[in-house]
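1. okay, predicted coordinates and the sequence, questions at the end:
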Amino acid sequence: MRKLLIITLLFLTTIMYAQPKYGGVLVFGRSGDSVSLDPAHATDGESFYGSKQVYDTLVQFKLGTTEIEPGLAESWEISDDGLTYIFHLRKNVFFQPTKFYKKKVQFTADDVVFSLKRQMDKNHPFNKIGGSYKYWGAMNMSNIVKDIEKVDNFTVKITLQKREAPFLANMAMDFASILSKEYAFDLLKQGKAEQLSRFPYGTGPFVFQKWIKDDKIIYKANPEYWGGKPYIKKLILKVIPNSSVRAAELKVGSIHVMDFPNPEEVATLKADPNIKIITQEGLNVAYLALNMEKVKAFKDVRVRRAINHAINKEAIVKAIYAGFGRPAYAPIPPTMWSYNPDIVKYKYNPAKAKELLKEAGYENLEFDLWAMPVVRPYMPNARKVAEAMQADLAKIGVKTKIVSYDWGTYLDKGRKLEHDAMILGWTGDNGDPDNFLSVLLSAHAAKIPVSNRAAWKNEEFTKLVDQAKVETDIAKRTELYKKAQEIFAKEVPWVTIANSVVVEAVRKNVMGFKLDPMGKRRFDKVWFDK
């Protein structure tokens, strides 16, 4: 009897301490600011950090996984031929009033049609507002989606032109976030349509309050969130570009979650009794894109192979990733299904690099080497990586000049192909190889504004990834993607650099925080203990 009583008390104590608590202000320290808070116009993780707190999608990824679960659509049906998707929407979901828009508007099918159709219909009033819809274009969605129709107030039909195996997962991506049609058109009537990207109004877990550029974005909890009221009362996304400063602020408790500590800082942070380290194998790749549209030499595959042999990626990973990464050889990470471990691997070989350059007639090659200004999951310090590359290339007689810009300008200029060679990377958005191979390397993605930063247009490669998109058999899709990786490895439009382990440092009293394989940062289930 005594033993049973002790077990019961322990059980009740565990329940008491495990019970989430409401209240508190959580400050998330990140390395850069958002570029836009309209996710349809963004392609970078910092922007999605900002918009994800406010907006929902029809379907979403279960927290911490690549598993699809209901979002604003509570259920859906797919026709036998795979061309028709019927989404049944949640009722009694509302866009939450803000200081700048005080209406409480119910979410309906009109909002879904508006949010998606503005990205494909060239005659839509919002098609030219805010710039191009980069993700929609990079994913070739206008050649996939035939129509988006309202069946009734809470039912939407999306008809495809052809089968698209990852389509449902695509609808969980940020570019497919649902905005308010009524709010957008009210802004249009006032001549303020551009404010859609700066003043978000959504159905998500948090309500936007203020954005002080390059400083912070402030949100309050949405008390009526359909997924359950967030535990924290207020969320602040704080921009702290310097990693050492972020670490210092985490130690004193000025911030509660630190994005991307430098690898060399992790041991010190881990030793702090008030801090815990969360790690996850990243679904990512870092790369150097060689712009064939701008640099004539890069059109010669011998030059691209020479640069791959010249760069000592093993040394870069050891010195700069400090154990939190591995050298990359393929355009998709080893954690992604269909990864091909048997493709050609370009090992560090300066002698071979010199030989290839001489053979190609480019022994006096010079180009600009662009380095991104922010820390990303796949890139702890782009400046240091660029300096290591610069030193390696100098050994084979190649001169480079390191160039950088603020994050928004860097991305914008890269999309316009203004770079020679550009350090960048990618974290998978939907758990599908298509999100890397088609979005970053197909000929579809080489049209300005590009997501294919190498401007590489290989018909055979593009044909393979297009075939894989319409194939529903996983085994057949895998073979197609493996063949596509073989072509990539022979043609090497990139120098693949690394696949990283993602690290977050968190105060120990912060509970419920999980790393997301797709690189998102979600806070609606986070709470403070004690």
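-> In hand now; what should we look at?
2. low pLDDT regions in the stretch 1-150 of the chain?
-> The model of the stretch 1-150 of the chain has pLDDT under 70 over residues 1-18.
3. do the chain as well
-> 1-18.
4. tell me the contacts of the closest residue in space to residue 509 that isn't next to it in sequence?
-> Nearest residue to residue 509, sequence neighbours excluded (Cβ to Cβ, 6 or more residues apart in numbering): residue 529, at 4.9 Å. Quick note: C-beta positions are derived from backbone N, CA and C, even for glycine. Contact analysis of residue 529 by Cβ atoms under 8 Å, 6 or more residues apart in numbering lists 17, 21, 509, 510, 511.
5. for the closest residue to the second one other than its chain neighbours, phi and psi?
-> In this structure, residue 21 finds its nearest non-sequential neighbour in residue 527, 5.5 Å apart by Cβ to Cβ, 6+ apart. In terms of degrees, to the nearest 10, the main-chain angles of residue 527 are phi -150, psi 160.
6. try residue 414
-> Reported as degrees, to the nearest 10, the phi and psi values for residue 414 are phi -60, psi -40.
7. can you report how many residues neighbour it?
-> By other Cβ atoms under 10 Å, the residues close to residue 414 number 23.
8. renumber starting at 12 from here on
-> In the new count, where the first residue is 12, that last one comes out as residue 425.
9. helices of the stretch 62-211 of the chain, start to end?
-> For the stretch 62-211 of the chain, the helices defined by DSSP state H, counting those that start in this stretch cover 120-128, 145-149, 178-181, 192-200.
10. scratch that, the stretch 262-411 of the chain
-> Counting by DSSP H, counting those that start in this stretch, the helices of the stretch 262-411 of the chain are 277-282, 312-321, 324-327, 361-371, 393-405.
11. before we move on, the earlier item: could I get the contacts of residue 540 in JSON lines, plus columns for neighbour count, secondary structure and distance to residue 148?
-> Shown next, in JSON lines, are these (neighbours: other Cβ atoms under 10 Å; DSSP: H, G, I helix; E, B strand; the rest coil; distance: Cβ to Cβ, whole Å):
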{"residue": "28", "neighbour count": "10", "secondary structure": "helix", "distance to residue 148": "50"}
{"residue": "32", "neighbour count": "12", "secondary structure": "coil", "distance to residue 148": "44"}
{"residue": "520", "neighbour count": "14", "secondary structure": "coil", "distance to residue 148": "44"}
{"residue": "521", "neighbour count": "21", "secondary structure": "strand", "distance to residue 148": "38"}
{"residue": "522", "neighbour count": "18", "secondary structure": "strand", "distance to residue 148": "40"}
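12. okay, those residues in CSV with distance to residue 502 next?
-> As requested, the contacts of residue 540 are exported to CSV (distance: Cβ to Cβ, whole Å):
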residue, distance to residue 502
28, 56
32, 55
520, 51
521, 45
522, 48
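13. closest to residue 139 out of those?
-> Of all these, residue 139 sits closest to residue 521, with 42.5 Å by Cβ to Cβ.
14. enumerate every residue touching the closest one.
-> Applying Cβ under 8 Å, 6+ apart, we find residue 521 in contact with 37, 267, 268, 537, 538, 539, 540.
15. mind redoing it with 7 Å?
-> 267, 268, 537, 539 (Cβ atoms under 7 Å, 6 or more residues apart in numbering).
16. what's the spacing between it and residue 243?
-> Distance, residue 521 to residue 243, using Cβ to Cβ, to the nearest Å: 9 Å.
17. got any residues that touch both of these two?
-> residue 537.
18. doesn't residue 37 make contact with residue 244?
-> No. Using Cβ atoms under 7 Å, residue 244 is not in contact with residue 37; the gap is 8.8 Å.
19. compare those two (neighbour count), which wins?
-> It is residue 37, of residue 244 and residue 37, that has more neighbours when counted by other Cβ under 10 Å, with 23 against 14.
20. so what's the closest residue in space to the more buried one that isn't next to it in sequence up against?
-> Leaving out its chain neighbours, the residue that sits closest to residue 37 by Cβ to Cβ, 6+ apart is residue 243, at 4.7 Å. Residues in contact with residue 243, defined by Cβ under 7 Å, 6+ apart, are 35, 36, 37, 232, 534, 537, 538.
21. next: residue 353.
-> Listed by Cβ under 7 Å, 6+ apart, the contact set of residue 353 is empty.
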